[in-house]
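Student: Make a model of this:
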Amino acid sequence: MTWAAWPSLVAAFIVACGAHAFAQTKQNGSIRGVVRDKDFDVPLAGAQVLVVELGRRADTADEGNFVLSDVPEGKYTLVFTKDGYVRQVKSEVLVGAGALTDVDVELSAEFTELDELIVREVLELLAGTELALLNLRMDSAALLDSIGSELMSRAGVGDAAGALRLVAGASTQGGKSAVIRGLPDRFVSSQMNGVRLPSADEDKRAVELDQFPAAVIESIQVSKTFTPDQQGDASGGAVDVRLKGVPDAPFFELKGQLTANSDIFGNDEFLSYEGGGVDFWGRDDGGRAPQLSKLGQSWDGAVGTSPEDAPPEYKFSTAFGGTEELTDGVRIGGLASLFYERDASSYDDGVDDSWWVTKPGGPMVPETNQGTPSDGDFKTSLFDVAQSKDSVRWGGLGTLGVESDDHAVSLTYLYTRVAEDTATLAIDKRGKEYFFPGYDPNDPQGTGNEPQNLNAAPYLRLETLDYVERTTQTLQLHGEHTLPFEGFEAGEVLKFGKPELDWSLSHSTADSLQPDKRQFGALWLASSYNPGFPPFVPPFTTPELWLPYKPGANFNLGNVQRIWKSITEESDQYSADLKLPFDQWSQRPGYVKFGAFADAVDRDFDQDTYSNFGDAGASYQESFEDAWSEVFSEEDHPITESTLDVDYRGDQDLSAFYGMVDLPVHERVNVIGGARVESTDIAIENFPEADALWYPPNSGVPTQLNPGDADVDFSRDDVLPSIGVVYRPLERVTLRGSYSRTIARQTFKELTPVIQQEYLGGPIFIGNPGLDMAEVTNYDLRCDYTPYEGGLLSLSLFDKDIEGSIEYVQRYGLFDYTTAVNYPDGELEGIELEARQDLGHFSKRLKGVSVGANATFISSKVTLPDDEQAGFDLPNIDAPISSRDMTNAPEHLYNLYATYDVPDWGTQLGLFWTVQGDTLVAGAGQSNGNFIPSVYAKEYDTLNFSVSQKLGKFLTFQFQAKNLTNPAIEEVYRSEYIGGDVQKTSYTKGIDYSLSVTARFSF
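Tutor: Okay, the predicted model is just below:
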C-alpha cells in the first residue's frame, strides 16, 4: 500500500466514526451548583450561568441553585453574571459521560456587569483554541478555515508559512508566500489583523509569511470565498494572520529551545566564507559596503565558499501582559512579546540539471550554451550542489487596548527582522562525463582531454555568496464601536438596532537589503597531451588551467559580479465598516453593511552591479581541487561599475467602497449579497543608467532606454459582485453556496518593458506594458456537519474560471527572454474533504484522543495563446501543446493529524503528516530552437511528532521531531513527448530534533 492511499483510508474511518456518532444516542452529563453573595453569604437568585462553548444559559432559582442537564462530555468554560456583581469565569470545567459536576461560586458586589463586554472577554479567553475557531467557521458569512495557536504548538510549526500548510487546500510557494486552492500570490490577499501588508519581494507583491513566528500568532484565518467586505484580489482566498491580543488575566511567560538538525549537528563542512555569517542582531557591520574608492582596482572580500563548523540553533521568547478593570465599566490592558531565533540549514546532496530535446521524438540531452557539441567548444549545466544557510530572526509585538461595553480601541505594533547568509557551491563534472564516458581528468591522453575536445563541456565551478536582510513593521490602530443611536424601523419588515462601526488606520513598511551579493564562475581544463607537429613542433602537454567562466554569451562581462540591491515598500491604509444589525419580520437577526477602503503603496527599487569587465587573459594553473576562488581576491582583477542597471519607483493606489446584506429569508435560509467597487492605479517611473536597454512595444530590437521611455501608467475600475446562500436543513448541517467575481493584478516588474536581470548574464525578463489584470469568476459549495460539539465532517466543491490569466512565456529575439502575457482563459476546479473527530466521544478508552484529516484534489488548465501554440507546432519542435496545467496548483494536498491529551498527567502528544502533490513549476518552452518540457515539483511529505509534559504548576517541557520522513525535494521534466520523468533538481532538508522548556506564571 502506498503512502498516498493512507489519507483516504483514514478519512473514510473518520467519516464512519462520524456517521456512528450521528446514529447513536450517548449518555451526557450535567452541571449543577449554587451561586452565593460573597459579602453576605446568601443565595443569589436570578444570576445567569453561560456555557461558552455551547452557548447555553441557565438562571439560578430562589435558593441560588442551577442545573444544566444533557451536557456532552468535554471541557467547558462557565461565566457567572448578575447585575451589580463582578462576573466570574470558571475555565476547564470537566463533564463526564453520565456524571454530575458540581460548580459553586461566590460573586462580589461593586460592579454592574455589561453583557457586551462579557462576550468580548470570553471570546478573547478562548481565542486561538480549535473549538473557538470551529464556532467562528460556522458563523462566518464566507467559507472560512482556521488554525489556532493551540494546534500550531502541537504541530511544531515555527512560523505563519508552516502553519498555513495545515489548513485544508493551502500550501506555500518557496516556503514563504501563500497558495490557496492552487492559486498563487496574485490571487491571494495576505493580511495581518485584517490589514494588507507591503512586500519587499523583487518578483511579486507577496507577503513572505516565514517572517512571522508562531510566538506572536493567535490564529491564521483563511477565507476561501469572496464577500464584498474583502479585498478584490481574494480569488483564491484571504489569509489573515491574527496577532495575539490583550490577555484576559495578567501573565508572564518565558520559553527557550535548542534544535539539532541531522544534516547540521556536528557538521564541520558547513559552507560559509571569510567575513560571512550573521551577527547577533542580524545587521551588517558595514563590511559589505561598496568599495567605491577602489573602482578600477581589485576589491577586498572572498568570492568563494569555505567550510566551517555549523552554527548553533536555538530560540527563545518572552511575553507578558495583563488587564485592569477601571471605573465606569472600562477595561485597559496590554501585551508585549519578544522573540529571537538562530537557525541554520544545509545540504550537500543537491542536484540542479538543465536538459532539452534537440530532435523531435528524440531523448532528453544536456542543455548546452556558449557553443554546441558540433563546435567542440560548449558548456553544460549538470550541477551537483551544496548549500548552507545561516539565519537570525528577531522582533517584538506590542498591543495596548481599552474597551467598554460599547467601545474598543487597540494599538498594535509588530517588528520583525530576518537576516540570512547563504553560501552555494555548484560543480558541473557530469557534463564532461556524459559526452565522454569513462572520462579521467588525470589522464592527459584520455578521451575528452584531446586538444580538440578539451573545451567540450569543461568542469565548471560556480559560487554564490548571498547575504540578505528583511524587515517588516506595521503600526495599526483599530476601533470597534456601538454607536449611541436608537434603532429605527423600516415598516414592519425590518427593525434596526444600534449601528456598529469598525475602523482601522495603519502604516506598514517592508525592506529588503542585499549588500554585496557575490557570484564567481570558473571553468577548469585538464592537462592535455598535444602530439605537436614533429619535427617542427615536438609533443608537449598543456598544464591544468582555471579560466573565467562568464555567465552569458556576452563576453564583455567578467566572471565576478558583486551586486547591491535594496527594495523598500511602504503602505498607508485605512478602512471603515458600518454595520446596521436588524431583526427581520420574523425576529431573525441580519445586517446591512457598508464600507470604504484605501491603500497607498510606494516602492523604491535600486540595484548597482560591479564586475571585472574586460579582465582579459586571467587564468590560474592548479588542479581542480585547488579552487581559483581561494586566491582570486589576492590577485589583480580590477572591478568597475556596470551601466546597465535600471532603478524604478512604483506606486499602487487601491480604493474601494462596498455594500452588502445578510438577510434571513427563512428560518433555515440566509441570503448574503452585495458588490464592491474597486479602483486600481499603478504608476512606474524608471531611472536608467547610461547603457540600459528596453524593448519598445511591437519591437523585437532592444533600444537605448531614456528617462520616460518605459514609464507605466495603468488605471482600471471594477465592479465585483457576490451572492451567497446559507441553508441549514438540519440543526447540525450547514450548506453554503456562493458566486462572485474577483481580479488578479500585475506586479511592477511585469509591467515594465526594460531588460531586467537578477545578475549580469542571468535569465532575462522583459515586462509587458500591455499586460492587463485577470478576471476570475468563482463558484463555491460547502456542506458542514457537526455531529457534536467539536466534531466536523465537511465537503467543499469549487470552480474558478479565469479570463486573461497572467502567465510567463518564452520569447525569441536577438536572445531568449521571459515575459508576462494574458492567456485567453483558464479553469481551476477541485474538491475538499475535511474531518475532525474526538474519539473519546465514542469510547471512554479513547478519551483524550482527537484525529483530523483533510484532502484537496485540484484539476487546472490554461489555454495557450495562438502564437505560443504555433511555436510548439514548428518542425524543429513538433510538440503540439494547446493547454497545460496552471503553475503552482498542486494535484492534491493531504493533512492528517492525531493528538492525545492526558489532563490529569499534563501530557500532550501530537503526530502531524502533510503531503503536497505534483505541482507545475514552469510550463514547456523553447530555447535556441530546442524543446524544453514542463517542469513539475514532485510529491513530497512531512511528518512531525511532538510530546509535551507539564512539571508542576508553571513548567512545560516539549520534545519535537520534524520532517521525520526526510524525503528528497525534487523537480522533474515531464511531457508526453519525452516518455518518463527526467530529474531537474533534488535536495533534502534533514530531520530537526528540538527540546524546549516553557515557564508560565499567571497572576
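Student: what's across from residue 315 in the sheet?
Tutor: With DSSP bridges as the criterion, residue 315 is bridged to residue 257, residue 341.
Student: ok, it touching residue 339?
Tutor: Yes. Contact criterion Cβ atoms under 8 Å: residue 315 and residue 339 qualify, at 7.3 Å. For the C-beta atoms, the positions are set from N, CA and C on the backbone; glycine is no exception.
Student: Pick out the residue closest to the middle of this protein.
Tutor: Centroid-nearest residue in the chain, with Cα atoms, centre = their mean: residue 177, separated by 3.1 Å.
Student: show me what contacts that one?
Tutor: Neighbouring residues of residue 177 by Cβ atoms under 8 Å, 6 or more residues apart in numbering: 184-185, 188, 190, 201, 204, 206-209.
Student: same thing but 7 Å
Tutor: Applying Cβ atoms under 7 Å, 6 or more residues apart in numbering to residue 177 gives the contacts 185, 206-209.
Student: Lowest-confidence entry in those?
Tutor: In terms of pLDDT, residue 206 ranks lowest among the contacts of residue 177, with 74.
Student: And the strands in the stretch 201-350 of the chain, which stretches?
Tutor: Applying DSSP state E, counting those that start in this stretch to the stretch 201-350 of the chain gives strands spanning 217-223, 237-243, 251-261, 270-272, 306-308, 313-325, 331-353.
Student: Among those, which comes closest to residue 449?
Tutor: Residue 449 lies closest to strand 331-353 among the strands of the stretch 201-350 of the chain, at 23.5 Å (Cβ to Cβ).
Student: for the chain, what spans make up the helices?
Tutor: Using DSSP state H, the helices of the chain run over 6-23, 115-126, 130-139, 149-155, 160-164, 430-435, 629-632, 748-751, 866-873.
Student: Residue ranges in the stretch 801-950 of the chain under the pLDDT threshold?
Tutor: Judged by pLDDT under 70, the stretch 801-950 of the chain has its weakly predicted residues at 813-814.
Student: do the stretch 501-650 of the chain as well
Tutor: In the predicted model, the stretch 501-650 of the chain carries pLDDT under 70 at residues 551-557.
Student: go again using 90 as the cut-off
Tutor: For the stretch 501-650 of the chain, applying pLDDT under 90 flags the ranges 530-540, 550-558, 584-589, 613-617, 644-645.
Student: which stretches of it form strands?
Tutor: Going by DSSP E, counting those that start in this stretch, the stretch 501-650 of the chain shows strands at 528-530, 540-542, 545-548, 560-583, 589-611, 640-641, 646-666.
Student: Leaving out sequence neighbours, find the closest residue to residue 251.
Tutor: Residue nearest to residue 251 in three dimensions, not counting chain neighbours: residue 1002, with 4.8 Å by Cβ to Cβ, 6 or more residues apart in numbering.
Student: residues contacting the residue lying closest to residue 494 once chain neighbours are set aside?
Tutor: Excluding the flanking residues, the one nearest residue 494 by Cβ to Cβ, 6+ apart is residue 582, at 4.6 Å. Residues near residue 582 by Cβ under 7 Å, 6+ apart: 494-497, 590-591.
Student: Return the set of residues that bridge with residue 582.
Tutor: Bridge pairing for residue 582 (DSSP bridges) gives the partners residue 496, residue 590.
Student: Quickly note the distance from it to residue 668.
Tutor: Noted for residue 582: a distance of 19 Å to residue 668, by Cβ to Cβ, to the nearest Å.
Student: and the gap between the nearest residue to residue 45 once chain neighbours are set aside and residue 319?
Tutor: Using Cβ to Cβ, 6+ apart and skipping residues adjacent in sequence, the residue nearest residue 45 is residue 62, 4.8 Å away. Residue 62 is 45 Å from residue 319, where distance means Cβ to Cβ.
Student: Compare the two and say which is more crowded by neighbours.
Tutor: Neighbour tally, residue 62 and residue 319, criterion other Cβ atoms under 10 Å: the higher count belongs to residue 319, 21 against 9.
Student: ok, that one touching residue 253?
Tutor: Yes. In this structure, residue 319 is within contact of residue 253 by Cβ atoms under 7 Å, at 4.7 Å.
Student: Quick one: mean pLDDT for stretch 263-274?
Tutor: Stretch 263-274 comes out at a mean pLDDT of 93.
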